[in-house]
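1. below are the sequence and a predicted model for it; my questions follow.
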Amino acid sequence: MQLKNTSTAYGWIAIALHWIAAVGVIWLYFLGEAIEHAKADGLPREEIITAIRFHISMGMVFILFLAARIVSHIVQRQPTPPAQQRYLHWLSRTVMWLFLLMIGTQIVTGPILVWTRPSDIAVFGVVLFPSPFSEEVKWLHEGAEFVHQTAPNLFWPLIVLHVAGALKHFLFDRDNTLQRMLWVRKD
């Protein structure tokens, strides 16, 4: 069983981090949307605060996996891309880097939103990340809030392009591109 990527296949580390990150990003996205709808629907403040704390705690847990996904992608060799037209290769690389940029942006702006109040981040009441700020930093909070709420607008277009690319390789090109991210092939 190969752990690391090779020139022809992804290793178990990359595959596991890819799917954990995918599930985490999707789940946190929908949780964030539910919180926004709860605010708009005028649900009790206590319920909204509980949901926000849960979102923050889960976000902090997933930061470990999301950051590992980014680092893994940067430090590991990547399998040779499939042969395809230059613009499709450019598009696939751009989509991948935009995903990583969106994830990285959320990783940075999420904690900043909490800390600039200033509040500590309590992960399920077990681990405490104290705020580096002693007083509210309104301009930074507002900027982080704008970015944290705007960056996920890339989410659906990127998902559609990513899935369309995988399906193109599977249905039309009939190559092993999709297979490489579903299980490990032997070289």
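-> Cool, got the structure.
2. burial count for Ser72?
-> The number of residues packed near Ser72 is 19, by other C-beta atoms under 10 Å. To be clear about C-beta, it is placed using only N, CA and C from the backbone, and glycine gets the same treatment.
3. please apply the same query to Arg86.
-> Around Arg86 sit 7 other residues, with neighbours defined as other C-beta under 10 Å.
4. now it: phi and psi?
-> Summarising the backbone geometry of Arg86 under the convention degrees, to the nearest 10, its torsions are phi -60, psi -40.
5. so the spatially closest residue to Glu135 that is not a sequence neighbour, which state does it fall into?
-> Nearest residue to Glu135, sequence neighbours excluded (C-beta to C-beta, 6 or more residues apart in numbering): Pro118, at 6.4 Å. Look at Pro118: counting by DSSP: H, G, I helix; E, B strand; the rest coil, its state is coil.
6. so who does Pro118 touch?
-> Residues touching Pro118, when contacts are defined by C-beta atoms under 8 Å, 6 or more residues apart in numbering, comprise 131, 133-137.
7. how about 10 Å then?
-> With contact set as C-beta atoms under 10 Å, 6 or more residues apart in numbering, Pro118 has these partners: 130-137, 141.
8. which of the three states applies to the closest residue to Gln76 other than its chain neighbours?
-> If the residues on either side of it in the chain are set aside, Gln76 comes closest to Asn5, at 4.7 Å by C-beta to C-beta, 6+ apart. Three states are possible here, and by three-state DSSP the one that applies to Asn5 is coil.
9. any idea how far Ile26 lies from Ile15?
-> When distance is defined by C-beta to C-beta, to the nearest Å, Ile26 is 17 Å away from Ile15.
10. which one of those two has more residues nearby?
-> Set side by side, Ile26 and Ile15 give different neighbour counts by other C-beta under 10 Å, the larger being at Ile15 (18 against 12).
11. correct me, but Ala67 touches Pro111?
-> No. In this structure Ala67 lies outside contact range of Pro111 using C-beta atoms under 10 Å: 12.0 Å.
12. quick one, strands of the chain?
-> Chain-ordered strands for the chain, with DSSP state E as the definition, fall at 121-123, 127-129.
13. quick one: closest of these to Thr177.
-> strand 121-123 (36.7 Å; C-beta to C-beta).
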